[in-house]
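Engineer: build me a structure from this.
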Amino acid sequence: MMSRGRAEIVVHFLTMHQRVVDELGRRIVGGAWEPEDPLPVEDALAAETGVSRGVLREAVKSLVAKGMLHVRPRTGTRVLPPEYWNHLDRDVLRWKQAWDATALLRDTGELRRIVEPEAARLAADRADPDDVRALCDCLAAMEATAAESDRSGYVEADIAFHRALLDASGNRLLGSLGRAIDIALEHSFLVSTQTPGAVEASLPGHRAIVRAVEARDPSAAAAAVLAIIEAAEDEIAQSPGMPSDATRKSSHPLLGPGDAPSITEKTGKVEAGR
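Structural biologist: Residues are numbered from 1 along each chain as shown. Sure, this is the predicted structure:
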């Protein structure tokens, strides 16, 4: 069966660099440093995180590229306000999921309302046989995983369906957007599908989208997608996986939550905070 309780994206890091980027990014999103605050001096921060200065510098470069830090001569490295962050970056989305999950769910729902109905209209007008086949394959995967006892692959199949719909629009920017927000969609679907009956209820709406695209009916396609989004919003509101951000932000001395990672360079392990 699907796991109950708070929905989380599990990430397995491959390198120390990735782990340090993750710890610093989580601290920034969690409010350990206010906008325009300087980071601690390099030696102190390297010692605190348990890594070499070289590893720390590379991690800072990655966060600069994400719009979260700015390096200035003589004034050091400073935290940038959230309006400068790349909110479509997969890491930034994942950190927001960890520390401000309710806001991410809201933002994801609003983005879907703006984008997906129009993408469905375009798909109904432009989809070629390969696009329709891709949608049908994704729908078949959703139906197959919904019939399994643990339904472990359902969310992945659902994400693939919506990505295929954006691809079928024929707009490459929409297709790229779908791949960029996979993390946000995964979080949203993990929460919504924990509501009893949500999986079974979602399948007819997805079938309606495929029928509308096959029939080249843009209005019906847009209406079917909007109905799915509205149903998902209701399911999220009722879900046992709905996050409690206030609880998450209460216990870590720097970041807030109790499960913040701490890093050691010798072991390369990420350990839960207390």
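
Engineer: got any ranges where the protein has weak pLDDT?
Structural biologist: Applying pLDDT under 70 to the chain picks out residues 1-14, 244-274.

Engineer: strands of that one, start to end?
Structural biologist: 69-72, 76-79, 261-263, 270-272 (DSSP state E).

Engineer: can you get me a residue count around residue 114?
Structural biologist: 10 (other Cβ atoms under 10 Å). Any C-beta I mention is one placed from the backbone N, CA and C, and that applies to glycine too.

Engineer: again, but for the one 4 residues further on
Structural biologist: The local packing count at residue 118 equals 16, with neighbours defined by other Cβ under 10 Å.

Engineer: how about residue 65?
Structural biologist: Neighbours of residue 65 (other Cβ under 10 Å): 11.

Engineer: now do residue 208
Structural biologist: 17.

Engineer: in space, what's closest to it - neighbours in sequence excluded?
Structural biologist: residue 224 (4.0 Å; Cβ to Cβ, 6 or more residues apart in numbering).

Engineer: contacts only, for the one you found.
Structural biologist: Shown in contact with residue 224 (Cβ atoms under 8 Å, 6 or more residues apart in numbering): 120, 205, 208-209, 212.

Engineer: can you put the residues you listed in TSV and add distance to residue 133?
Structural biologist: Listed next are those as TSV, based on distance: Cβ to Cβ, whole Å:
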residue	distance to residue 133
120	17
205	20
208	18
209	14
212	16
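
Engineer: highest neighbour count among those residues?
Structural biologist: Going by other Cβ under 10 Å, residue 120 tops these with 30 neighbours.

Engineer: find the nearest non-adjacent residue to it, please.
Structural biologist: residue 221 (3.9 Å).

Engineer: look up how far residue 206 lies from the one you found.
Structural biologist: 12 Å (Cβ to Cβ, to the nearest Å).

Engineer: the two: which has the busier surroundings?
Structural biologist: residue 221 (31 against 22).

Engineer: list the contacts for that one?
Structural biologist: Taking Cβ under 8 Å, 6+ apart as the criterion, residue 221 is in contact with 120-121, 123-124, 209, 212-213.

Engineer: ok, now residue 131?
Structural biologist: 123, 164, 167-168, 213.
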